[in-house]
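What follows is a predicted structure for the sequence shown.
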Amino acid sequence: MLRQRAVQQSIRRLAAANLSTFNKTTSLAQLAPPVAIATGRHTQIRQAATQPTSPSDAYSILASQRLHRPVSPHLKIYRPQITWLLSGLNRITGSILSGGFYIFGAAYLVSPLFGWHLDTATLAAGFASWPLAAQLAAKMAVAFPFTFHGWNGIRHLIWDVGAALNNQQVIRTGWVVVGLTVVSSLALALL
Amino acid sequence: MRPALLRQGLLITTRKASVPKPSILRACPPAAIQPITSIVRQTPRVATFHTTSRRAILPAGPQVLEGTANDPAPVPKPSPTHGSYHWTFERALSLGLVPLTIAPFAYGSLNPVMDSVLVAALLLHSHVGFTSIIIDYIPNRNHPRARKLFEWLLRLGTLVVGIGFYEFETNDVGLTQGVKRIWKAGSTDKVIGSA
Ligand code: HEM
């Protein structure tokens, strides 16, 4: 999309700058846009007219224009970097942990109404009957968010006293957290 | 921003759907022989401000602008209770979680009092965390009523979960001991019922 627009815009500029360019040298029109810009007389002409607008019109124009803003950051084209990936992961893991915590707490409260057995003895007996692979997977699913969020939470608290805030340090502590998370979550799952 | 420019941007973006496939040749001949005004009309409509495609995850909410387009964003009235004290309280809570979550690993589990302290800290920490998520994703500017609704749902949820864990802490073995028993249930069946 971006490239298409670049082509269109450079054509428009070229045509506006020199109306006869395309007649004289048709081949120029087939060149790649950077070349076309470089060889053409590169004058920018902006097609903008001004006209008086009432404040309420200006309001609604701006309001409806805002509806057409692109999403920022553009997740698909933004380069994946440890800095923002871990930042998002901190929120995701925190939500998973708290979500589980809330679901269990609420379910435990209403369990007598529905006849659910959520006491630890029943849960432990049920868990013991799972196949080993499922047990390991379930333990990883808890241990990974827990260890990541815990280690990264400490990283957050270090930032909160104003330390380790430059880009290299944020990258380095990020990888430290990744390493600690891998080791400690595996250790917990195998416990 | 001049209103006319805005209007032009609006006109152009709303017609984006009709942008034809780019073809250098197609655009050229009329451009070469016609006056500039018709070039503007005939060249494919292009978004002037945003050259990135939109990719909306959700539809944008209603846009409510305070003041005119040229006014700065309003600055909320400073208040330490909603600002620095609140921030410091949240950090103190998180800091407290560090020993509280490490201790059960060191001592096997926590005594009932410390276990309840851990549960209370987790509940508050979660409430604070969910609050920031609601604030981030449901802007008051666009969705004041949804914001209120979710804030109240969260308060209700935290209350229900708090009572639930009160029951759990008083009737069952406690969070750390409970997690430990379930965790160990698979590997060594003898752990169940002991401790
Ligand atoms: C050692 C333990 C922990 C520490 C040090 C810690 C620390 C933190 C910190 C500093 C934040 C704020 C992040 C920010 O400023 O953006 C945070 C957010 C959060 N934490 Fe924790 N945390 C811990 C454990 C937990 C646990 C066990 C849960 C769930 C039961 C949890 C749930 C959350 C949630 C839901 C958020 C909000 C996420 C967000 O705003 O992005 N945390 N935590």
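Received it, and whenever you're ready, just let me know what you need.

Okay, now the unreliable bits of chain A?
Low-confidence segments of chain A, defined by pLDDT under 70: A:1-8, A:10-44.

For the residue lying closest to A:Ile82 once chain neighbours are set aside, give its distance to chain B.
Excluding the flanking residues, the one nearest A:Ile82 by C-beta to C-beta, 6 or more residues apart in numbering or on different chains is A:Gly174, at 4.4 Å. Backbone N, C-alpha and C define where each C-beta goes, glycine included. Remark: distance between A:Gly174 and chain B (C-beta to the nearest C-beta, to the nearest Å) = 18 Å.

How many residues are close by A:Gly174?
For A:Gly174, the neighbour count with other C-beta atoms under 10 Å in any protein chain shown is 20.

Hmm, it is touching A:Gln81, no?
No. Checked against C-beta atoms under 8 Å, the pair A:Gly174 and A:Gln81 is beyond contact range at 9.1 Å.

As a check, name the ranges of all helices in chain B.
Assigned by DSSP state H, chain B shows helices spanning B:3-14, B:24-33, B:36-42, B:84-107, B:112-137, B:144-171, B:175-185.

now do chain A
A:2-17, A:21-24, A:33-39, A:55-66, A:82-114, A:120-128, A:132-160, A:167-189.

contacting residues around the residue nearest the centre of chain A?
Computing the C-alpha centroid of chain A and ranking residues by C-alpha atoms, centre = their mean puts A:Leu75 first, at 4.7 Å. A:Leu75 makes contact with no residue, according to C-beta atoms under 8 Å, 6 or more residues apart in numbering or on different chains.

for it, phi and psi?
When read as degrees, to the nearest 10, the backbone of A:Leu75 gives phi -60, psi -30.

Relative to the ligand, how far out is it?
17 Å (C-beta to the nearest ligand atom, to the nearest Å).

ditto for B:Asn70
With C-beta to the nearest ligand atom as the criterion, B:Asn70 and the ligand are 33 Å apart.

Correct me if wrong: A:Ile82 contacts A:Arg172.
No. A:Ile82 sits out of contact with A:Arg172 when judged by C-beta under 8 Å, with a separation of 9.4 Å.

And the helices of chain A: which comes nearest B:Asn140?
helix A:55-66 (16.0 Å; C-beta to C-beta).

separation between A:Leu132 and B:Arg181?
Remark: distance between A:Leu132 and B:Arg181 (C-beta to C-beta, to the nearest Å) = 18 Å.
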